[in-house]
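Novice: Generate a structure from the sequence data that follows.
(2 chains)
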Amino acid sequence: MLDQVQRAVQERLQAYFREHGIPEPKTWRFSRPPGEGHWGLSFALFPVAAAEVRAKGLDVPVPQRAQALAEALRPVVETIPGVRAEAVRGYLNMYLDPRIYGRQVVDTILEQGPAYGRAPRRGQRLMVEFSQPNTHKAFHVGHLRNVILGEAVCRILDAAGYDVVRANYLGDIGWHVIKWLWNYLKFHRGEEPPEDYKTRWVSDLYVEANRRLKEHPEYEPEVRALFKRWEARDPELVALWEKTRQWSIEGFEQIYRLLDVHFDRVYYESEMEEPGKALVEEKLIPMGIARDYRPEGPVVVPLDELLGLEKPTYRTYVVLRSDGTSLYATKDLPLAIKKFEEYPDLVKSIYVIDVRQSLYMKQIFKTLELMGYEWADRLYHLAYELVLLPTNLVQVTEEVDFETDETIPEAQAETSTEETPKPKAKAASSREGAVLLDKLFTEAHRRARAIVDEKNPSLPDETKDQVAWHVALGALKYTMLARENTRTVTFDWKKALDFKGNAAPTIQYAHVRCASLLRRAGGRVPDPVTPTHELHPAEIHLISELAAFPKVVKRAAEEYKPLHITNAAFRLAQALNDFYDRCPVLNAEDETTRAFRLRLVAATKQTLANALNLLGIVAPEVM
RNA sequence: GCCCGCGUAGCUCAAUGGAUAGAGCAACGGACUUCGGAUCCGUUGGUUGGGGGUUCGAGUCCCUCCGCGGGCGCCA
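Specialist: Numbers count the residues shown, from 1 in each chain, chains lettered A, B, ... in the order given. From the prediction side, this is the model:
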């Protein structure tokens, strides 16, 4: 309904500009007027004034001309029913009659229900690849951000009208797998993982394999021999690989279930090995895109040279080892191709991968472009920053086997001269990250459960437990999402488990308050009604936040930023709490007011639930 | 050396090139004998890392310097 008003305003402004020979603005951007107690649209006349002054060669300061235009336009837009306008310092502020438009907002939300904020289907498909865990290794806190971000982006894109294909890509082969299998065969033959902790059990064995090989380098030939057996596809080994891989996968699925994440298509790295090699041999090299330096050197794509770039830009992309075996890089090319073979209509193929791989992603995309794939420009790297662990936290967990095969930058050891040295942080590695992930879930749940016990002791035990999970997981997800993708998250127990302030439980609580009011009112939402009372500023503020929601969803989808949703959800929760404090609902002064406010509460509940749903967070009825 | 990201209140973070840069946390002080106090209000707190430029207007764009993090031919 805000759209309709905006369109009406735009039409009138356009007509005015045309009539007076004023150049029209290139973009029509409306914002909200500042201050409280009212609600509406605001339009800045500065760009128009500047263009006019330039075009007509006027000798008038731009702000002065903007103000004059705003004043002239004031009566023009006031011809729209229910609109009152003011010209303030170059802005045209248009205030909507909250009785008329407030009712429209509420009615629309309650009519659309779960669809409020969602755009019509576009009939366009896109793919989002995310999670990408390695089998036989740990699933840790660093991976958590990827999954949570990926899932939220999928939900947001779906709401924006796209048909989303959720893809996962499992790193199920490589040196790490061979090392794991060696350790298993030599020291754990025949063992099975415990039902509840498959991922931990499997990753613990991986850490153990690394430790053994570090302490006893003489074992290395055995591992190499095993690799040969793998390359020869020794049936016994392949069978063991498939069986143990499944353990990892089942462990991942436990985590995905807990997080309420699912995938439509799962690709395996092992499936891309042969196609990758073939692609290099039969296409890249013959096409002159790759240079073969074997056996002295690897097969590379000299991107800068091919593109005639003086400055190092794309660098050199290594696609095959000097011994002819494949790299991670070998497999990403056939993967990208396979996606478009299976889904030729993808308007975008998105990769949710951490920022450290930015250059590598550019290399893949550029190579595919050079190969002539017309869809190469539809590939998009959605980069996000890492989850860092404070070093003091790492030290606590370091006593248990510390993974050594990943290149982790060592934290600076020297003490800073500042009075308050910043806590040092480093990237999450598998070991402490995996330990943390377990602790994180159980500890978050324990903390949430304790609070539920305290706040709402009369709830049935089972409900308390469920609520505790919703609160705990909501808080964790929110922490990961309420942040610019390109900014690091430094893991902090206090903040990860913070249930106050700008956090998911605050929003969930607002939802619960709405639910509680509606329950007390008999569980039935009154029929549509136009309010007759003078709306309270808090009431108007709440309406304006509700009305803004669909635009927020649109923007979040365009920018791939769940942050916009968390911001909107929190503002909405604040507005509800403020309204709740100031405006009696059940004991409103008259029936009409009571009915309208109940509808407003129902609309708020719906919008909060819709927002939380886009973040993958549950909106509970009680907590 | 080259490239990318970041730098905003004590801390954690917001802010389509637009109006007086806002929240949360922490600290202190208040409110409701009312619908769930996981609430609300107030106070303290800022040269948006420094300098220059573009613009009617810059936290935001450009240049430059400083600081931190990351990446840069056979790891994934």
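
Novice: where does the stretch 401-550 of chain A have low pLDDT?
Specialist: Scanning the stretch 401-550 of chain A for pLDDT under 70 picks out A:401-436.

Novice: Skip the chain neighbours and tell me the closest residue to residue A:153.
Specialist: In this structure, residue A:153 finds its nearest non-sequential neighbour in residue A:560, 5.4 Å apart by Cβ to Cβ, 6 or more residues apart in numbering. Every residue, glycine included, has its C-beta placed from N, CA and C.

Novice: Contacts only, for residue A:179.
Specialist: When contacts are counted by Cβ atoms under 8 Å, 6 or more residues apart in numbering, residue A:179 is found next to A:206, A:209, A:210, A:213, A:223.

Novice: For residue A:600, state which of these is nearest.
Specialist: Of all the contacts of residue A:179, residue A:206 has the smallest distance to residue A:600: 54.6 Å, by Cβ to Cβ.

Novice: Distance of the residue of the stretch 401-550 of chain A found nearest RNA strand B relative to residue A:477?
Specialist: Residue nearest to RNA strand B within the stretch 401-550 of chain A (Cβ to the nearest atom of the strand): residue A:501, separated by 2.1 Å. Residue A:501 is 16 Å from residue A:477, where distance means Cβ to Cβ, to the nearest Å.

Novice: Of these two, give the one with the bigger neighbour count.
Specialist: Using other Cβ atoms under 10 Å, the more surrounded residue of residue A:501 and residue A:477 is residue A:477, with 27 against 9.

Novice: And the next helix or strand past the host helix or strand of that one?
Specialist: Taking DSSP states H and E as the criterion, residue A:477 maps to helix A:461-481. Using DSSP H and E, the helix or strand that follows helix A:461-481 in sequence is strand A:489-490.

Novice: got a winner among the contacts of residue A:179 for most neighbours?
Specialist: Highest count within the contacts of residue A:179 by other Cβ under 10 Å belongs to residue A:206, 27 neighbours.

Novice: Now that it has come up, it's in contact with residue A:135, right?
Specialist: No: counting by Cβ atoms under 8 Å, residue A:206 sits too far from residue A:135 to count as a contact (9.8 Å).

Novice: Isn't the residue nearest to residue A:153 up against residue A:481?
Specialist: No: counting by Cβ under 8 Å, residue A:560 does not reach residue A:481; the two are 11.8 Å apart.

Novice: and those two? which has more neighbours close in?
Specialist: The neighbour count for residue A:560 versus residue A:481, taken as other Cβ under 10 Å, is higher for residue A:481 (25 against 21).

Novice: Now the residue positioned nearest the centre of chain A: closest residue in space, sequence neighbours ignored.
Specialist: Taking Cα atoms, centre = their mean, the centroid of chain A lies closest to residue A:149, which sits 2.9 Å from it. Once flanking residues are discounted, residue A:149 sits nearest to residue A:384: 5.7 Å by Cβ to Cβ, 6+ apart.

Novice: which residues of chain A score low on pLDDT?
Specialist: Low-confidence segments of chain A, defined by pLDDT under 70: A:1, A:390-436.

Novice: And it, split by domain according to the record?
Specialist: A:2-96, A:102-120+A:500-615 (automatic domain parsing).

Novice: now, of these, which is deepest in the fold?
Specialist: Highest mean neighbour count of those: domain A:102-120+A:500-615, a mean of 19 (counted as mean count of other Cβ atoms under 10 Å).

Novice: was I right about residue A:467 contacting residue A:619?
Specialist: No: with contact defined as Cβ under 8 Å, residue A:467 does not count as touching residue A:619 (11.4 Å).

Novice: Show me what from the stretch 251-400 of chain A comes close to RNA strand B.
Specialist: Residues of the stretch 251-400 of chain A lying near RNA strand B by Cβ under 7 Å from any atom of the strand: A:269, A:296-298, A:300, A:302, A:311-313, A:315-316, A:318, A:321-323, A:327-329, A:355-360, A:385.

Novice: returning to what we had before: report the contact partners of the residue of the stretch 401-550 of chain A closest to RNA strand B.
Specialist: Residue A:501 is in contact with no residue at all, counting by Cβ under 8 Å, 6+ apart.

Novice: measure it to residue A:614 for me?
Specialist: Between residue A:501 and residue A:614 the computed distance is 21 Å (Cβ to Cβ).

Novice: So is stretch A:486-498 next to RNA strand B?
Specialist: Yes: using Cβ under 7 Å from any atom of the strand, we find that stretch A:486-498 touches RNA strand B at A:486, A:487, A:488, A:489, A:490, A:495, A:498.

Novice: Any idea how far apart the tips of that stretch sit?
Specialist: In stretch A:486-498, first residue to last residue: 22 Å (Cα to Cα, to the nearest Å).

Novice: What lies in contact with the host helix or strand of residue A:68?
Specialist: Assigned by DSSP H and E, residue A:68 belongs to helix A:62-77. Residues from elsewhere that reach helix A:62-77 (Cβ under 8 Å, 6+ apart): A:9, A:12-13, A:16, A:22, A:44-46, A:48-50, A:52-53, A:58, A:83, A:85-92, A:94.

Novice: Over to stretch A:257-269?
Specialist: Contact with stretch A:257-269 is made by A:127, A:131, A:147-148, A:150-151, A:165-174, A:256, A:328, A:331, A:335, A:338, A:342, A:441, A:473, A:477, A:616, A:618, as judged by Cβ under 8 Å, 6+ apart.

Novice: Give the buried subset of the residues you listed as a PyMOL selection command.
Specialist: In PyMOL, a selection of the buried entries from the contacts of stretch A:257-269 looks like this (16 or more other Cβ atoms under 10 Å):
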select buried, chain A and resi 127+131+147+148+150+151+165+166+167+168+169+170+171+172+173+174+256+331+335+441+473+477+616+618
